[in-house]
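Trainee: Prediction below, plus the sequence it came from.
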Amino acid sequence: MTGYYDSHDGASAGDAEQPATEHGMSRRQLLRHAGWFGGAVVLTVASGDVISHIADSREPDSMTAAGATAAANSSLRFVQVSDSHIGFRGPANTDVVGSFTEAINQVNSLGFRPDFVMHSGDLTHLSTAGQFDQVKQMLTGMQTDRVFTVPGEHDSIGDAGRAYRQTFGMGTLGDGWYSFDTHGVHFIALVNTLSLEKLGHLGNDQIDFVRRDIAGLSSDTPIVVFSHIPLFAMYPQWGWSTDDALKVIALLRRFSSVTCLNGHVHQLFTKTDGNITFHSATTTAYPLPKPGRAPAPTPQVVPARQLKDALGIRTVGYRQGDRELAVKDQRLA
């Protein structure tokens, strides 16, 4: 990986390590039955089993214990935040800067220092220079070694993503895609928010990049793919899918464990398809309706005291030797 925004100490992103080995788990069986979540769902992998429950920051003991366990195992721990929409003005959230600040504070209070933070797009609402500068400055407050980003469609309004790439795209390829390795996991960051018609779109150049990027990897290397728009057909009627994602999915089929993390839909959703598990993240800005529950995916106004229940952050852990990653979602404190 060459393109990342290093907020602190300039640590190298290329610390590739040995691939993980197989470790049988029952998680996939659970996820096949996953549906819409009314709250934040924790999937904790322990001794090969999956434990699922609703969790939020009001469970300090459980979260601190999870962090301590991860630290004791020297495992990979990173955070996903998404859809901060800095610059949004509307009744659905009159203070998105305040909400994103709270999300940053929550990351900094996890009880461990994440190896990196990924912002999975729509950092800004209107792609203005002031909004990019503001969100970049805010991200420097994350207590982590590295901050990565992928663009959302709100980050490329009117300029095909040029302002985004000028701010966050240093060292990336093409329209801003890249990959990197750490803790035995291979990460791929894709851009599917340009050349939009109705659905997300990757394009042949980016698909060829993925083909070349993974060609030399062992099939038991854990793969994590970041994108803004889902790579699965979550709800194509609202554009919540990527029209040529199946070409990338086909390339990833030979790997034993693939995890795809996206934003865009402002709500939690998990789906497993064979060796690939998809996790949609919630937002730090405002909720969107569940698919088909409204005429269009527009910002939803909820009672002020309920807004934080719809917002949140995600922590992801991986211990070398395990087959899959542990994904934990927390409501905003």
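Mentor: Everything's here; your move.

Trainee: Can you report phi and psi for Val97?
Mentor: Backbone torsions for Val97, taken as degrees, to the nearest 10, come to phi -60, psi -40.

Trainee: heads up, I number from 55, so please use that
Mentor: In the new count, where the first residue is 55, that last one comes out as Val151.

Trainee: need the helices for the chain, in chain order.
Mentor: 81-85, 114-126, 150-162, 183-193, 216-222, 258-268, 299-306, 358-364 (DSSP state H).

Trainee: In a markdown table, list those helices along with mean pLDDT, distance to Pro284 and mean neighbour count.
Mentor: (C-beta placed from N, C-alpha, C; glycine too.) Shown next, in a markdown table, are those (pLDDT from 0 to 100; distance: least, C-beta to C-beta, whole Å; neighbours: other C-beta atoms under 10 Å):
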| stretch | mean pLDDT | distance to Pro284 | mean neighbour count |
| --- | --- | --- | --- |
| helix 81-85 | 34 | 15 | 17 |
| helix 114-126 | 45 | 26 | 15 |
| helix 150-162 | 98 | 21 | 19 |
| helix 183-193 | 98 | 22 | 17 |
| helix 216-222 | 97 | 20 | 20 |
| helix 258-268 | 98 | 16 | 15 |
| helix 299-306 | 98 | 8 | 18 |
| helix 358-364 | 93 | 18 | 15 |
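
Trainee: wait, which of the ones you listed is closest to Gly375?
Mentor: helix 114-126 (13.6 Å; C-beta to C-beta).

Trainee: on that earlier part again, which among the helices of the chain is found nearest to Tyr372?
Mentor: Closest to Tyr372 of the helices of the chain, according to C-beta to C-beta: helix 114-126, at 9.1 Å.

Trainee: Distance to Gln321 for the helices of the chain - can I get that in JSON lines?
Mentor: Compiled in JSON lines, the helices of the chain are given as follows (distance: least, C-beta to C-beta, whole Å):
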{"stretch": "helix 81-85", "distance to Gln321": "17"}
{"stretch": "helix 114-126", "distance to Gln321": "21"}
{"stretch": "helix 150-162", "distance to Gln321": "15"}
{"stretch": "helix 183-193", "distance to Gln321": "21"}
{"stretch": "helix 216-222", "distance to Gln321": "24"}
{"stretch": "helix 258-268", "distance to Gln321": "26"}
{"stretch": "helix 299-306", "distance to Gln321": "19"}
{"stretch": "helix 358-364", "distance to Gln321": "8"}
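
Trainee: right, and these - which one's nearest Val278?
Mentor: Comparing these under C-beta to C-beta, the one sitting nearest is helix 299-306, at 10.7 Å.

Trainee: Tell me where this protein is predicted with low confidence.
Mentor: Residue ranges of the chain with pLDDT under 70: 55-128.

Trainee: show me the contacts for Val150.
Mentor: Each residue near Val150 by C-beta atoms under 8 Å, 6 or more residues apart in numbering is listed here: Ser138, His139, Ile140, Gly141, Phe142, His179, Thr338, Ala339, Tyr340.

Trainee: what's the distance between it and Phe323?
Mentor: 22 Å (C-beta to C-beta, to the nearest Å).
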